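sequence? don't have it. structure:
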């Protein structure tokens, strides 16, 4: 399976000790895993492929090297080419159309993490700036190490965050005052504060311990019915963005099909028989 996951900027591994788990590692440690266009396009390819892979039931996302999960957008690369370096002579309306398309494409690449059918657990360490917040809020579970340094960094480079943070972060932490504070100031905040406001679920000693905890959680999730797990992610994300009644109605429609799975009887019988259930690929 690993031979089908050869990418330039991401390592994709399938740990032997964690069946049905994929470990995706941002692989640009020499640049603190900072992103440029080729990377976020490849990110979408990685998660689209994992989403459809029936051998994958849970995913861990981490960053290579000890310094950073990701330092965010590679501003130098962006300024030297691409949308931010547009020609001054271009008609402003036409340049706006070009920029809007560029932003929407970038947004879709990050949304690929949220859109992925499989739960995504992000393990962050070191610097986790700008794009790191976009990525992690698109994930399902966030873990971090004690040395992490977070920041919604975009106002420091003269823009409003536009790839997902301002839409998702308020729904993640439920404290609009705190979100506005960190987004407007671009100040650094650490692991303890992130845990206190509910941005992360848990804090670990270092990068290795954080990744190990993420893989352990992913392995536990992957042991459950993939019908149930994928349905749970879909229904939670849908309900987050809709009313309670909308969520209940969608859940009813979804489960009218999902409840017909054989996974229900397999799970119930395994509990009665005190054995570990096995489930078919989905």
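Alright, I've got the coordinates. As the structure is a prediction and not an experimental result, all values here were calculated from the model. Numbers count the residues shown, from 1 in each chain.

can you show me the helices along the stretch 101-250 of the chain?
In the stretch 101-250 of the chain, the helices defined using DSSP state H, counting those that start in this stretch lie at 131-138, 165-173, 176-185, 191-197, 207-222, 226-240, 244-258.

compare those and report which one is nearest to residue 51.
For the helices of the stretch 101-250 of the chain, proximity to residue 51 was assessed by C-beta to C-beta; helix 226-240 is nearest, at 9.5 Å. C-betas here are computed from N, CA, C, even on glycine.

chain center to the closest one: distance?
15 Å (C-alpha atoms, centre = their mean, to the nearest Å).

next, residue 59: secondary structure please.
What DSSP: H, G, I helix; E, B strand; the rest coil gives for residue 59 is strand.

most packed of the helices of the stretch 101-250 of the chain?
Ranked by mean neighbour count, those are led by helix 131-138 with a mean of 28 (mean count of other C-beta atoms under 10 Å).

what's next to that one, contact-wise?
35, 61, 69-73, 110-111, 113-114, 120, 122, 124, 128, 142, 150-152, 161, 163-165, 168-169, 172 (C-beta atoms under 8 Å, 6 or more residues apart in numbering).

and for stretch 260-268?
Stretch 260-268 is contacted from outside by 225-228, 277-280, using C-beta under 8 Å, 6+ apart.

hmm, back to that, filter the contacts of helix 131-138 down to the ones in strands?
61, 69-70, 120, 122, 124, 128, 142, 150-151 (DSSP state E).

residue 219: which of those is nearest?
Nearest to residue 219 among these, counting by C-beta to C-beta, is residue 120 at 14.3 Å.

next up, the contacts around the residue lying closest to that closest one once chain neighbours are set aside.
Spatial nearest neighbour of residue 120, excluding adjacent residues (C-beta to C-beta, 6 or more residues apart in numbering): residue 139 at 4.3 Å. Residue 139 sits next to 61, 113-114, 120-122 when contact means C-beta under 8 Å, 6+ apart.

do the same with residue 198
Taking C-beta under 8 Å, 6+ apart, we find residue 198 in contact with 172-175.

go on, residue 214?
Shown in contact with residue 214 (C-beta under 8 Å, 6+ apart): 60, 62, 121-123, 141, 143.

can you flag the buried ones in those?
Neighbour counting by 16 or more other C-beta atoms under 10 Å classes 60, 62, 121-123, 141, 143 among those as buried.

can you pick out the most distant pair from those?
Applying C-beta to C-beta across the buried ones among the contacts of residue 214, the maximum distance is between 62 and 141, 12.7 Å.

shared neighbours of the two, which are they?
Common contacts of residue 62 and residue 141 (C-beta under 8 Å, 6+ apart): 122, 214.

grab the nearest non-local neighbour of residue 64.
Using C-beta to C-beta, 6+ apart, the closest residue to residue 64 is residue 29 (4.2 Å).

could you give the number of residues near that neighbour?
The local packing of residue 29 (other C-beta atoms under 10 Å) involves 14 other residues.

so who does residue 151 touch?
The contact partners of residue 151, taken as C-beta under 8 Å, 6+ apart, are 128-130, 133, 182, 186-189.

quick check: PyMOL command selecting the buried ones in the residues you listed.
If you want just the buried ones from the contacts of residue 151 in PyMOL, going by 16+ other C-beta under 10 Å, the selection is:
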select buried, resi 128+129+130+133+182+186+189
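
need the contacts of residue 151 in TSV (columns: distance to residue 77).
Shown next, in TSV, are these (distance: C-beta to C-beta, whole Å):
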residue	distance to residue 77
128	19
129	15
130	14
133	20
182	25
186	20
187	25
188	23
189	26
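
in a markdown table, list the contacts of residue 151 along with pLDDT and distance to residue 248.
Converted to a markdown table, the contacts of residue 151 look like this (pLDDT from 0 to 100; distance: C-beta to C-beta, whole Å):
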| residue | pLDDT | distance to residue 248 |
| --- | --- | --- |
| 128 | 98 | 36 |
| 129 | 98 | 39 |
| 130 | 96 | 37 |
| 133 | 98 | 31 |
| 182 | 98 | 34 |
| 186 | 97 | 39 |
| 187 | 98 | 40 |
| 188 | 98 | 41 |
| 189 | 98 | 36 |
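
where in the protein is pLDDT low?
Along the chain, segments meeting pLDDT under 70 span 1-3, 79-88, 271-272.

ok, now which residue in it is the farthest from the centroid?
residue 89 (37.9 Å; C-alpha atoms, centre = their mean).
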